[in-house]
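Asks: pasting a predicted model and its sequence here:
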Amino acid sequence: MDETRQRDREGTRRRILDAARRLFTELGYDQVTMRLIAAEADANIALINRYFGSKRELFAEVLAVQGRFPGLLEAPSEELPRRLAEYVADRLRSDQGSLIMSALVRSSGCAETHEIIRDRVRSAILEPLAARLPGGDAAFRATAATAVITGVGMLSQLYGKGELEAPDREAVVGRLTAVFQACLAP
């Protein structure tokens, strides 16, 4: 395949992913159709099917291309509770919510997406975090910390930044650090 055709294929695939991400974020899985994605991406449905297989697989790909928690879980063990707290505090205070959290909130009522969402949470945070923790109950402790992270993400999506009155960032980080220390301690 020549380079121009390959670039065009990659560009089309990227347009489809970008359009799907926007639509899943704004409307949720149930309200998004392949026709809507095709129109938004300026592509035809056959191409979407060829590149992704189905709407379900496209949704999974949209979730997968969003980064894990870059650099966050690679922190030294003693810094991990604070790093998690800083991440969550910044999400709480951000004007721009997480696109993935928006897609998850708007799509969580659809049984077809439950397995995809569980797999994404498991691979993006739960398993990597559990692998970092010592002790036999590491999976449970990682689950508790993941519940805090996703719960705060859900809350900020439901209420928006303006609705959640919080003290200054350091106060929020301090409180959340204590929560994550309790979650992660053996």
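Replies: Yes, it's here. Numbering: from 1, shown residues only.
Asks: please make it C-alpha for all contacts and neighbour counts, starting now.
Replies: Noted.
Asks: domain-wise, how is the chain divided?
Replies: Following automatic domain parsing, one gets these domains for the chain: 3-65, 77-184.
Asks: who are the contact partners of Ala19?
Replies: Ile37, Glu40, Ala41 (CA atoms under 8 Å, 6 or more residues apart in numbering).
Asks: closest one of the residues you listed to Val105?
Replies: Ranked by distance to Val105 (CA to CA), those are led by Ile37 at 19.3 Å.
Asks: hang on, Ala43 packs against Thr12?
Replies: Yes - when contacts are counted by CA atoms under 8 Å, Ala43 is listed as touching Thr12 (7.2 Å).
Asks: now do the same for Asp18: its pLDDT.
Replies: As predicted, Asp18 sits at a pLDDT of 93.
Asks: I'd like the next helix or strand past the worst-scoring helix or strand of the chain on mean pLDDT.
Replies: Lowest on mean pLDDT, DSSP states H and E among the helices and strands of the chain sits helix 99-107, with a mean of 69. Counting by DSSP states H and E, the element after helix 99-107 in chain order, helix or strand, is helix 111-121.
Asks: tell me where this structure has strands.
Replies: Taking DSSP state E to define them, one finds no strands in the chain.
Asks: re earlier: just the buried ones from the contacts of Ala19, in PyMOL syntax?
Replies: Entered in PyMOL, the line below selects the buried ones among those, by 16 or more other CA atoms under 10 Å:
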select buried, resi 37+40+41
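Asks: show me the contacts of Ala19 that map onto helices.
Replies: Ile37, Glu40, Ala41 (DSSP state H).
Asks: any weak-confidence spans in the protein?
Replies: 1-7, 66-70, 94-101, 157, 160-166 (pLDDT under 70).
Asks: the helix ranked longest in the chain: which residues count as buried?
Replies: Ranked by number of residues, the top helix in the chain under DSSP H is helix 3-27. Within helix 3-27, the residues that qualify as buried are 12-13, 15-25, counting by 16+ other CA under 10 Å.
Asks: check stretch 112-130 too.
Replies: For stretch 112-130, burial by neighbour count (16+ other CA under 10 Å) applies to 113, 116-117, 120-122, 124-130.
Asks: from what I can see Thr143 touches Arg122, true?
Replies: No - under the contact definition of CA under 8 Å, Thr143 does not touch Arg122, with a separation of 9.2 Å.
Asks: before we move on, the earlier item: wait, which of the domains of the chain is closest to Gly71?
Replies: Of all the domains of the chain, domain 77-184 sits nearest to Gly71, with 9.5 Å by CA to CA.
Asks: report the contact partners of Glu12.
Replies: Just to correct that, residue 12 is Thr rather than Glu. Ala41, Ala43.
Asks: same question for Arg169.
Replies: By CA under 8 Å, 6+ apart, the contact set of Arg169 is Ala89, Asp90, Arg93.
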